[in-house]
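A.B. asks: could you look at this predicted model? Sequence included:
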Amino acid sequence: MTINAPKKAVILAAGIGSRLRPLTDLRPKPLVEVNGTAILHNALRNLDTAGVEEVAIVVGYRKDAIEYACGHRFGALEIKYLDSPAFDSTGSAYSLWLARDILLSGDCYILEGDVFFEQEVLRYLIRSAPDAAAVAPLNGLMEGSAVVLSDSGLISEFRMKQTAENLATDGPPLYKTINLLRFSASTLRSTIVPALDEIIGSGATRAYTEELLAYLIERRGLRLAAARCDGLKWYEIDTPADWRIAESIFADRPPFPPLST
């Protein structure tokens, strides 16, 4: 798409997805379908279209199903799998730490395996700063991590476990994290991977990626731009209610045609 677009991506797809049961009783959350297209297949298609060449998927719960569904090539993407045997007792930062070799190899997208999004979200990230997070205004149906933005468009603060109640209080506008990030090779080498080594080495294996970023912004001076995706189609799918909302948002889009892997 552009000369500075990352050629590599890491997808965090190891979790059980217990809040999404019964949809995850027999399949991992990334393979739950939205109008006939699996969450993970949608992400891979979008990354392929964006010019990504190599994807590392961190797997755990029902990893064989993910490997069977995606294979080792998906379109032009080369896929490798990183196994997280402690997937039921670790957080997303631990999964990201397992992918540190690919993080050290160049500019990279990082995304969670539970977000269904349109291609334009990646275009917004590409047009943003080299270190950026996709965000959109928090609304009353959403819950989870949110951020506050500075006047210059940088993320100045992370707020965990936000709900509609937080919108009703006086304070700055809140933006929901879409769980898509991009980082430059230099920031990954100098800041992200060393911080991952620190927190995992300290035994904080249940930490979340958002907690890592909050710490780096507050204590280490990380400058993370907000790629504002207001009006774009996306949804983070944690519960059956989220899944129904996602199906409604993408109701007018037919499923992807079959793709040999």
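C.D. replies: That came through, no problem.
A.B. asks: what does stretch 55-72 contact?
C.D. replies: 8-17, 27-31, 38, 40-41, 44, 47, 74, 77-88, 95-96, 98-99, 102, 113, 261 (C-beta atoms under 8 Å, 6 or more residues apart in numbering). Where you see a C-beta, it was placed from the backbone N, CA and C, and this is true even at glycine.
A.B. asks: in helices, which of the residues you listed appear?
C.D. replies: 40-41, 44, 47, 95-96, 98, 102 (DSSP state H).
A.B. asks: check the secondary structure at Phe146 for me.
C.D. replies: Phe isn't right for residue 146; it's Ala. strand (DSSP: H, G, I helix; E, B strand; the rest coil).
A.B. asks: who are the contact partners of it?
C.D. replies: Contacts for Ala146 (C-beta under 8 Å, 6+ apart) come out as 138, 158-159, 162, 166, 174-177.
A.B. asks: so among the residues you listed, where is pLDDT lowest?
C.D. replies: pLDDT is lowest at Asn166 among these; the value there is 69.
A.B. asks: could you count how many residues lie near Glu54?
C.D. replies: For Glu54, the tally of surrounding residues (other C-beta atoms under 10 Å) stands at 18.
A.B. asks: and the helices in the stretch 151-261 of the chain?
C.D. replies: 164-167, 185-187, 193-201, 209-219, 240-249 (DSSP state H, counting those that start in this stretch).
A.B. asks: shouldn't Asn4 be within a strand?
C.D. replies: No. Counting by three-state DSSP, Asn4 is not part of a strand but coil.
A.B. asks: from Arg189, how far off is it?
C.D. replies: Separation of Asn4 from Arg189 (C-beta to C-beta, to the nearest Å): 17 Å.
A.B. asks: of those two, who's got more company?
C.D. replies: Under the criterion of other C-beta under 10 Å, the comparison of Asn4 against Arg189 puts Arg189 first, with 15 against 11.
A.B. asks: for the more buried one, which non-adjacent residue is spatially closest?
C.D. replies: Leaving aside its sequence neighbours, Arg189 sits nearest to Leu104 (C-beta to C-beta, 6 or more residues apart in numbering; 6.0 Å).
A.B. asks: how many residues are close by that neighbour?
C.D. replies: For Leu104, using other C-beta under 10 Å, the count is 13.
A.B. asks: for Glu198, same thing?
C.D. replies: When neighbours are defined as other C-beta under 10 Å, Glu198 has 12 of them.
A.B. asks: and it, how close does it get to Ile155?
C.D. replies: In terms of C-beta to C-beta, Glu198 sits 21 Å off from Ile155.
A.B. asks: please apply the same query to Asp131.
C.D. replies: 10 Å.
A.B. asks: give me the common contacts of these two.
C.D. replies: The contact lists of Asp131 and Ile155 share 224-225, where a contact means C-beta under 8 Å, 6+ apart.
A.B. asks: deepest-packed of the helices of the stretch 151-261 of the chain, please.
C.D. replies: Scoring the helices of the stretch 151-261 of the chain by mean neighbour count under mean count of other C-beta atoms under 10 Å gives helix 209-219 as the most buried, with a mean of 18.
A.B. asks: name the surrounding residues that touch it.
C.D. replies: By C-beta under 8 Å, 6+ apart, helix 209-219 touches 12, 91-93, 96, 110, 133, 145, 155-158, 160, 177, 191-192, 195-196, 199, 222, 224.
A.B. asks: for stretch 131-140, same thing?
C.D. replies: So stretch 131-140 is contacted by 121, 124-125, 146-147, 149, 155, 162, 164, 166-167, 173-184, 187, 213, 222-230, 232, 234 (C-beta under 8 Å, 6+ apart).
A.B. asks: just to revisit the earlier point, okay, the ones in helices among the contacts of stretch 55-72 in a markdown table with distance to Glu218 and pLDDT next?
C.D. replies: Shown next, in a markdown table, are the ones in helices among the contacts of stretch 55-72 (distance: C-beta to C-beta, whole Å; pLDDT from 0 to 100):
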| residue | distance to Glu218 | pLDDT |
| --- | --- | --- |
| Leu40 | 32 | 96 |
| His41 | 36 | 96 |
| Leu44 | 34 | 97 |
| Leu47 | 30 | 96 |
| Ser95 | 22 | 95 |
| Leu96 | 19 | 96 |
| Leu98 | 25 | 96 |
| Ile102 | 27 | 95 |
